[in-house]
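# Build me a model from this:
(one chain, ligands or ions: 2)
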Amino acid sequence: MEKAKRINLALLYGGRSSERTVSIAGANEVERALDPKKYTLRRYDTATELKKLVQEADEIDCAFILLHGKYGEDGTLQGLLDLLGIPYQGSGVLGSALAMDKHMAKIIYRYASILTPKWVTISHRDRLDPEAIISSLGVPVMIKPRTQGSSVGMIRAHTPQEVERGVQNALKWDEHVLVEACVRGRELTVGVIGLDSLEPLPVVEIIPEKGHDFFDFEAKYRPGETVEVCPADIPTEIARKAQAIAVRAHEALQLKGYSRTDMILEDTGKIFTIETNTIPGMTPTSLFPQAAAEAGVSFGALLDRLIEMAMAEGHNQSRSQAA
Ligand SMILES: Nc1ncnc2c1ncn2[C@@H]1O[C@H](COP(=O)(O)OP(=O)(O)O)[C@@H](O)[C@H]1O
Ligand SMILES: [Mg+2]
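Ligands and ions are numbered 1, 2, ... in the order given. Prediction:
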């Protein structure tokens with residue numbers, strides 16, 4: 001039998017965003033889990049090695065993007081890879097840009113009849129009126145930079161003074177800031193995988209330990225700060241509803257391959273969608289890989305599937321360009 005050719009895989013990691021350290025940790029785990037019989041791996045830190053990537057583009061069969069946030073998850077790198085003709089896992093330029101932008105993502109959710117908390121978006125040029133914001137959204141509110149991840153620059157505010165301070169702080173991270181009505185309830189996250197037919201993964205419930213107002217940076221990355229229950233201990237019909245929302249959000253945002261949508265389930269049974277991640281965390285214990293494992297897909301098999309989908313998509317794209 002003919003031996004399958006090894007795939008030259010570029011692992012893109014590091015970068016300049018606030019999630020650089022998260023990316024580096026993820027890249028190390030991905031490297032460890034990839035089968036060396038299937039892949040010849042080259043690592044590129046996109047903070048310093050983009051030029052090298054461009055120069056070596058012809059020798060690369062596929063890229064695996066393990067970057068979160070700006071210049072990695074937001075469509076810019078996806079655009080560069082499109083220009084270079086290198087296939088990559090996950091969403092393209094448009095979907096990545098839409099999902100990274102929390103303001104635009106919420107507009108699309110609304111358009112697709114996906115329930116999302118009420119919000120206002122404030123620019124650094126606007127005059128802030130914390131009382132007016134509170135009277136329209138109630139308290140507490142969540143304040144977040146428009147295009148960050150990992151809860152960076154986020155705060156929960158209860159008073160006009162806290163809103164003022166929270167907005168000024170979030171504006172350090174971004175030119176625009178969202179102030180969002182806070183939803184009280186259980187936090188759920190749902191992964192979706194597939195190209196033509198989308199498969200939702202089992203629902204995960206996220207329970208930060210006491211002392212965390214919400215799923216903040218520490219709760220996300222310090223071991224033992226959060227309990228993650230997969231499959232979530234919720235009624236089947238609620239789980240199905242959450243899975244249907246994740247699929248709808250993925251489609252509405254024009255995403256590809258995989259995504260993970262964060263939601264909050266209110267006591268009333270209403271589910272509010274918070275955001276969709278196009279490059280979810282990728283260590284074996286991250287939320288998406290955990291849910292995949294629950295569905296019977298090991299971490300290594302998950303990476304293989306993402307790369308297979310990337311190469312199948314890349315093949316389709318080059319066909320459509322030739323036509
Ligand atoms: N409107 C909200 N109501 C209640 N909690 C929220 C709300 N928005 C965000 N959170 C909390 O903050 C966390 C991070 O917010 P999210 O919008 O998902 O940003 P990030 O991109 O940083 O993950 C969520 O996982 C959730 O715990
Ligand atoms: Mg999130």
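# Specify the residue ranges that define each domain of the protein.
Using automatic domain parsing, the domain parsing of the chain gives 98-115+183-294, 119-181.
# want to try JSON lines for these, with mean neighbour count as columns?
Where you see a C-beta, it was placed from the backbone N, CA and C, and this is true even at glycine. Below are the domains of the chain laid out as JSON lines (neighbours: other CB atoms under 10 Å):
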{"stretch": "domain 98-115+183-294", "mean neighbour count": "19"}
{"stretch": "domain 119-181", "mean neighbour count": "18"}
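# is it possible to export the ones you listed to CSV including mean pLDDT and distance to K52?
Putting the domains of the chain into CSV (pLDDT from 0 to 100; distance: least, CB to CB, whole Å) gives the following:
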stretch, mean pLDDT, distance to K52
domain 98-115+183-294, 95, 21
domain 119-181, 94, 26
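# which ones are touching the closest residue to R186 other than its chain neighbours?
Closest residue in space to R186, ignoring its immediate chain neighbours: L265 at 4.7 Å, by CB to CB, 6 or more residues apart in numbering. L265 is in contact with 185-188, 234, 238, 242, 271, counting by CB atoms under 8 Å, 6 or more residues apart in numbering.
# give me that answer again for 10 Å
The contact partners of L265, taken as CB atoms under 10 Å, 6 or more residues apart in numbering, are 183, 185-188, 203, 205, 232, 234, 238-239, 241-242, 271-272.
# Tell me what it is bridged to.
R186, I271 (DSSP bridges).
# so how far is ligand 1 from it?
Distance of L265 to ligand 1, given as CB to the nearest ligand atom, to the nearest Å: 11 Å.
# what about that residue, distance to E294?
18 Å (CB to CB, to the nearest Å).
# repeat for I271
I271 sits 20 Å away from E294, going by CB to CB.
# same deal with P231?
From P231 across to E294, the span is 6 Å (CB to CB).
# Overlap of the contact sets of those two?
201-204.
# so which of the residues you listed comes closest to V192?
Set against V192, the nearest of the shared contacts of P231 and E294 by CB to CB is L201 (7.0 Å).
# Tell me which two in the contacts of L265 are the farthest apart.
Farthest pair in the contacts of L265 (CB to CB) is V183 and A239. Separation: 18.3 Å.
# Can you tell me the closest non-neighbouring residue to the residue nearest the centre of the chain?
Residue closest to the average C-alpha location in the chain (CA atoms, centre = their mean): N277, at 1.8 Å. Closest residue in space to N277, ignoring its immediate chain neighbours: R260 at 4.7 Å, by CB to CB, 6+ apart.
# Touching, that neighbour and A242? I think so.
No: using CB atoms under 10 Å, R260 makes no contact with A242, being 11.7 Å away.
# between the two, what contacts are shared?
Counting by CB under 10 Å, 6+ apart, the residues touching both R260 and A242 are 189-190, 204.
# Of the residues you listed, which belong to strands?
Counting by DSSP state E, the part of the shared contacts of R260 and A242 found in strands is 189-190, 204.
# now, which of the residues you listed sits nearest ligand 1?
T189 (7.8 Å; CB to the nearest ligand atom).
# can you pull the contacts of the closest one?
Taking CB under 10 Å, 6+ apart, one finds 201, 203-206, 215, 228, 230, 232, 242, 246, 260-263, 274-277, 280, 287-288, 290-291 in contact with T189.
# just these that are near ligand 1?
Among the contacts of T189, the ones lying near ligand 1 by CB under 6 Å from any ligand atom are 215, 262, 274-275.
# quick check, nearest of these to ligand 1?
Among the ones next to ligand 1 among the contacts of T189, and counting by CB to the nearest ligand atom, the member closest to ligand 1 is F215, at 3.3 Å.
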